[in-house]
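> Need a 3D model of the following:
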Amino acid sequence: MSRKSDELEKLNENIQELKRKDRELFHRILDKLNFQELFSQLNEPDEIKDTLSSLVKPTTVDSNESDINVSNNLRDFWNRLIEREEELLNRITSVQATSVVEGTYFHQWADHKDDFDDLIYSLRARAFLANLIYKIIKQQQD
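Now for the predicted structure:
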């Protein structure tokens, strides 16, 4: 029984090592991209550029260089966008029809509009990232 347990543990260690290498290779590909140049040429509102720029960070806090590295966890960044989208959707969909009909909904229109804008910016940022990742992977395959 101990032998089987040892084999299982070794397999799990191998799986974890392969996952680590996979993440490392993916981030090495992303690190080769010049995100500052890519984002500056992006034909999107500044809010989307700002959202995407939060994915990358300077090499060091005190660095004067323009080099940037992709944050270590793209999935965390993606999940934070999704969580924010869910929060916005909950606020947007909690509107009562009567408040719209009576016009009270529009008393705070600026706040509601901001929620809609933030949701759209987040969705567009994720769509851009999905397309970017697709192109990177496709390019590696070709």
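> Now do the most centrally placed residue in the chain against P45, distance only.
Residue closest to the average C-alpha location in the chain (CA atoms, centre = their mean): W78, at 3.0 Å. When CB to CB, to the nearest Å is the yardstick, W78 and P45 sit 20 Å from each other. Yep, even glycine has a C-beta here, placed from its N, CA and C like the rest.
> same question, I15
42 Å.
> I136 now?
24 Å.
> And the strands in this protein?
If DSSP state E is used as the criterion, the strands of the chain fall at 56-58, 68-70.
> weakest of those by average pLDDT?
The weakest mean pLDDT among the strands of the chain belongs to strand 68-70, with a mean of 46.
> Test my guess that E85 contacts R124.
No. Counting by CB atoms under 8 Å, E85 does not reach R124; the two are 11.2 Å apart.
> what about the chain, any weak spots by pLDDT?
The chain contains residues with pLDDT under 70 at 1, 26-27, 30-31, 35-36, 56-73.
> Show me which positions of the longest helix seen in it end up buried.
Using DSSP state H to define each element, the chain has its longest helix at helix 109-141. For helix 109-141, burial by neighbour count (16 or more other CB atoms under 10 Å) applies to 118-119, 121-122, 124-126, 128-129.
> of those residues, closest to E37?
Lowest distance from E37 to the buried residues of helix 109-141 (CB to CB) belongs to F128, with 14.8 Å.
> Count the neighbours of the nearest residue to the closest one once chain neighbours are set aside for me.
Of all residues not flanking F128 in the chain, L52 sits nearest, at 6.6 Å (CB to CB, 6 or more residues apart in numbering). For L52, the neighbour count with other CB atoms under 10 Å is 23.
> what's the answer for T51, then?
Neighbourhood size, T51 [other CB under 10 Å]: 23.
> before we move on, what about V100?
Neighbourhood size, V100 [other CB under 10 Å]: 11.
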